[in-house]
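> I would like the atomic coordinates for the input below:
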Amino acid sequence: MNTQILNQYRERESQQVIPWQDPRLVYCGRMDEDREDGILWVYPCSYVKVRFTGGTLRALVTNIRSYWNSSLGWLTDGEEHRGDLAPEGVTCLTLAEGLPEGSHEICLFKRMDSCHMVLFHGFLLEGGELLEPLPQSGRRMEVYGDSVSAGEVSEAVDYCGQPDPEHNGEFSNSYYSYAWLTARRLGAQLHDIAQGGVALLNRTGYFNDPHALGMTWLYDKIQYQPALCRPKLWDFSRYVPQVVVVAIGQNDHYPEDYMAQDYEGEKARYWRERYGEFLRQLLAIYPKAHIVCKTTILEHDPSWDRAIEETVRELGQERVHYFAYSNNSVGTKGHIRRPEAEQMARELGDFIEAQNSRYHFW
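Here you go, the predicted model:
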């Protein structure tokens, strides 16, 4: 195991080096494990869990920034914390200090989308011992979405229902995305394939504008941020969800809202065809999974929801479902804040459980 970076930051012989490859660490998220010096996190909600007794725990990460300020979040025995990262290079985060005797669990997670990537090197533990992990849930979800699914600006709780305040990424927190809130509500693991600004198709949406890249290009990648890396494909056999949520259609109006302007026009018909193709691709990748298709409560023209609902109906596949929130498309003019995301998670979670009662997919 490559522990060079960990040993550089080791201050005392009493500090135990726990490299990222240690089998007692539990990971969740679409990650790149092919490097010797660390495991690369790109997507929001990616995390590592560690159990240990007492003492002090630090994490070593290398930040790879594209835009905005970067931070990670962690839970120490369920209590949430946040730490800012250096714009580039290695950051040593003190996650817990002088914890009492007994067992503790820390979950270190990625708060943001590919505005930055994180190379996690491992932990330094002092005054305690590493423990075996607890059993993980057999329920698995995957979400394909945009900034709402990533939890962007979710902590700006004073702006519920309002446009976003000025920010530099400090309000983004995937822990309070409807995606992760729903997964926790259902007791499920989550891969959150969410990127701010993304639409279905290339040359639409805001991600990588003016050379916009869409979800049909991004969905099968581990690494995809053009400003930071070369694209790298994902092996879908490594994580097989029982439920897949497709939350695309919010950013597709840019630069032209053709679905609202001419629903039967060539561009609108082409989008619906490609949306159907994308669903068929997911059905082929996951031949037993159920797919939930939806948008969000963020303001948009309802023609996009009509397009999704009609495409799902025309597909005629019992494993594909359409879902709409009680205030779909009219809930807010800005990103989804934590209280709004919690309501979304309740509604989406209830819908998924109702489908499970009928189809028994987990």
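> Would you point out the helix or strand in the protein whose mean pLDDT is lowest?
helix 4-8 (a mean of 91; mean pLDDT, DSSP states H and E).
> which secondary structure elements does the biggest strand by length in the chain contact?
Looking across the chain with DSSP state E, the single longest strand is strand 88-110. When contacts are defined as 3 or more Cβ pairs under 8 Å, 6 or more residues apart in numbering; DSSP states H and E, strand 88-110 sits against strand 47-65, strand 71-76, strand 79-84, strand 116-126. No exception for glycine: its C-beta is placed from N, CA and C like everyone else's.
> Alpha carbons of the third one, as CSV, please.
Yep, that's strand 79-84 we're talking about. Output of strand 79-84 as CSV, limited to C-alpha atoms (Å, rounded to 0.1, in the frame of the first residue of the first chain):
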residue,chain,number,x,y,z
GLU,A,79,-23.0,15.2,14.3
GLU,A,80,-22.3,17.1,11.1
HIS,A,81,-19.2,19.2,10.5
ARG,A,82,-17.5,20.9,7.6
GLY,A,83,-13.9,21.7,6.6
ASP,A,84,-12.6,23.9,3.9
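> could you give the mean pLDDT of it?
Averaged across strand 79-84, the pLDDT comes to 98.
> in its sheet, what does it sit against?
Using DSSP bridges, strand 79-84 pairs in its sheet with strand 71-76 (antiparallel).
> Now do the strand it pairs with, average pLDDT.
Strand 71-76 comes out at a mean pLDDT of 98.
> what's the answer for stretch 169-183, then?
Mean predicted confidence for stretch 169-183 is 98.
> hmm, back to that, for the least confident helix or strand of the chain, what is the distance to the chain centroid?
29 Å (Cα atoms, centre = their mean, to the nearest Å).
> do stretch 134-145 as well
12 Å.
> Regarding stretch 250-262, how distant is the last residue from the first?
17 Å (Cα to Cα, to the nearest Å).
> and if you look at stretch 162-175?
Per Cα to Cα, the first residue of stretch 162-175 is 21 Å away from its last.
> Distance from the chain centre to that stretch, please.
For stretch 162-175, the distance to the chain centre is 16 Å (Cα atoms, centre = their mean).
> quick revisit: what comes up buried for the least confident helix or strand of the chain?
Along helix 4-8, these residues count as buried under the neighbour rule (16 or more other Cβ atoms under 10 Å): 5-6.
> Then stretch 123-135?
Quick answer for stretch 123-135 (16+ other Cβ under 10 Å): 123-128, 130.
> And those residues, which two are furthest apart?
Across those, the longest distance by Cβ to Cβ is 12.9 Å; it joins Phe123 and Gly127.
> where along the stretch 201-350 of the chain do the strands fall?
Taking DSSP state E, counting those that start in this stretch, the strands of the stretch 201-350 of the chain run over residues 221-223, 232-233, 243-247, 290-293, 320-322.
> just checking, what packs against the third one?
When you say that, I think you mean strand 243-247. Against strand 243-247 (3+ Cβ pairs under 8 Å, 6+ apart) you get strand 140-145, helix 147-150, helix 178-186, helix 266-285, strand 290-293.
> Give me the average confidence score over the longest one.
Same thing as helix 266-285. Rounded mean pLDDT across helix 266-285 is 98.
> hang on, the earlier thing: now do the longest strand of the chain: distance to the chain's middle.
Distance, centroid of strand 88-110 to centroid of chain: 21 Å (Cα atoms, centre = their mean).
> just to revisit the earlier point, winner for burial among the helices and strands packed on strand 88-110?
Highest mean neighbour count of the helices and strands packed on strand 88-110: strand 116-126, a mean of 24 (counted as mean count of other Cβ atoms under 10 Å).
> How about Met112: what's its closest non-neighbour residue?
Ser172 (4.9 Å; Cβ to Cβ, 6 or more residues apart in numbering).
> Okay, the one you found and Val143: tell me how far apart.
Computed as Cβ to Cβ, to the nearest Å, the Ser172 to Val143 distance reads 16 Å.
> What of Leu201?
19 Å.
> Could you check which of the two is surrounded by more residues?
Val143 (28 against 21; other Cβ atoms under 10 Å).
> So in terms of bridging, what pairs with that one?
Bridge pairing for Val143 - DSSP bridges - gives Asp192, Val245.
> What of Ser71?
Asp84.
> Test my guess that it contacts Met112.
Yes. Because the distance of 7.4 Å satisfies Cβ atoms under 8 Å, Ser71 is recorded as touching Met112.
> Please enumerate the shared neighbours of these two.
Gly169 (Cβ atoms under 8 Å, 6 or more residues apart in numbering).
> which helix of this protein spans the most residues?
helix 338-359 (DSSP state H).
> Tell me the pLDDT of Met1.
Met1 is given a pLDDT of 59.
> Please apply the same query to Val330.
Val330 is given a pLDDT of 97.
> Without its sequence neighbours, what residue ends up closest to it?
Glu299 (6.4 Å).
> Got phi/psi on that neighbour?
phi -50, psi 130 (degrees, to the nearest 10).
> May I have the residues that are in contact with it?
Glu299 sits in contact with 329-333, where contact means Cβ under 8 Å, 6+ apart.
> now it: how far from Asn327?
For Glu299, the distance to Asn327 - Cβ to Cβ - is 10 Å.
> from the middle of its chain, how far away would stretch 43-59 be?
18 Å.
> then it to PDB, C-alphas only?
Written as PDB, here are the backbone C-alpha positions of stretch 43-59 (Å, rounded to 0.1, in the frame of the first residue of the first chain):
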ATOM      1  CA  TYR A  43     -19.600  13.000  -7.700                       C
ATOM      2  CA  PRO A  44     -21.500  14.500  -4.800                       C
ATOM      3  CA  CYS A  45     -22.600  12.200  -1.900                       C
ATOM      4  CA  SER A  46     -19.400  10.000  -2.300                       C
ATOM      5  CA  TYR A  47     -18.200   9.000   1.100                       C
ATOM      6  CA  VAL A  48     -16.000   6.800   3.200                       C
ATOM      7  CA  LYS A  49     -17.000   5.500   6.600                       C
ATOM      8  CA  VAL A  50     -14.600   4.400   9.400                       C
ATOM      9  CA  ARG A  51     -15.300   2.900  12.800                       C
ATOM     10  CA  PHE A  52     -12.700   3.200  15.600                       C
ATOM     11  CA  THR A  53     -12.300   3.500  19.300                       C
ATOM     12  CA  GLY A  54     -11.600   6.700  21.100                       C
ATOM     13  CA  GLY A  55      -8.800   9.100  20.200                       C
ATOM     14  CA  THR A  56      -8.200  11.600  17.400                       C
ATOM     15  CA  LEU A  57      -8.800  11.100  13.700                       C
ATOM     16  CA  ARG A  58      -7.400  13.100  10.800                       C
ATOM     17  CA  ALA A  59      -8.000  12.700   7.000                       C
END
